[in-house]
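J.: Sequence and predicted model, in that order:
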Amino acid sequence: EVQLVESGGGLVQAGGSLRLSCAASGFTFDDYVIGWVRQAPGKEREGVSCISKSDGSTFYEDLAKGRFTISSDNAKNTVYLQMNDLKPEDTAVYYCAADRPPCYSDIGYDYWGRGTQVTVSS
């Protein structure tokens, strides 16, 4: 059974940082891409970033470029999202998701975690 478990969300002031983690299990890590998608209250889900274990490539939506960094720990089957210079508009539930390669914008992920809340105060 595929499982994706997020952690690391919380409340932070504007300009602060958070690191989200996604622990993946139940599938061969190298065969999938892992991404982060967020949903703010009253808004549609939007992609943030994606990483491909098969070739090490990464993908960032415009909203994440320059502030967020995605990475993975192969030994732990865990993907991280380092978020710096957070803004109130980054407030959302952040979901970890998995799909077959490659990473691209608006990827329709097959598997989803339950999400972790990120709240950025002004």
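T.: Structure received.

J.: CA only for contacts and neighbour counts going forward, please
T.: Will do.

J.: which residues does the residue nearest to the spatial centre of the chain bridge with?
T.: Centrality entry for the chain: nearest residue to the mean C-alpha point is Trp36, 2.3 Å, by C-alpha atoms, centre = their mean. With DSSP bridges applied, Trp36 shows beta-bridge pairing to Ser49, Cys96.

J.: which ones are touching Leu86?
T.: Applying C-alpha atoms under 8 Å, 6 or more residues apart in numbering to Leu86 gives the contacts 13-17, 67, 120.

J.: returning to that earlier point: gap between the residue nearest to the centre of the chain and Gln3?
T.: 15 Å (C-alpha to C-alpha, to the nearest Å).

J.: now do Glu46
T.: Distance of Glu46 to Gln3, given as C-alpha to C-alpha: 21 Å.

J.: next one: Cys50
T.: Applying C-alpha to C-alpha, the value for Cys50 to Gln3 is 17 Å.

J.: More neighbours: which of the two?
T.: Cys50 (30 against 17; other C-alpha atoms under 10 Å).

J.: can you give me the strands in this protein?
T.: Under the criterion DSSP state E, the chain contains strands at 3-7, 10-13, 18-25, 33-39, 46-52, 58-60, 68-73, 78-83, 92-99, 111-112, 116-121.

J.: Report all helices and strands that the fifth one contacts.
T.: Under the contact criterion of 3 or more C-alpha pairs under 8 Å, 6 or more residues apart in numbering; DSSP states H and E, the helices and strands touching strand 46-52 comprise strand 33-39, strand 58-60, strand 68-73.

J.: Which among those strands is found nearest to Ala97?
T.: strand 33-39 (5.2 Å; C-alpha to C-alpha).

J.: picking up where we left off before, out of the helices and strands packed on strand 46-52, deepest packed?
T.: Of the helices and strands packed on strand 46-52, the one with the most neighbours on average (mean count of other C-alpha atoms under 10 Å) is strand 33-39, at a mean of 25.

J.: List the residues that contact the residue nearest to the centre of the chain.
T.: Counting by C-alpha under 8 Å, 6+ apart, Trp36 touches 47-50, 81, 94-97.

J.: swap the cut-off to 6 Å and go again
T.: 48-49, 95-96 (C-alpha atoms under 6 Å, 6 or more residues apart in numbering).
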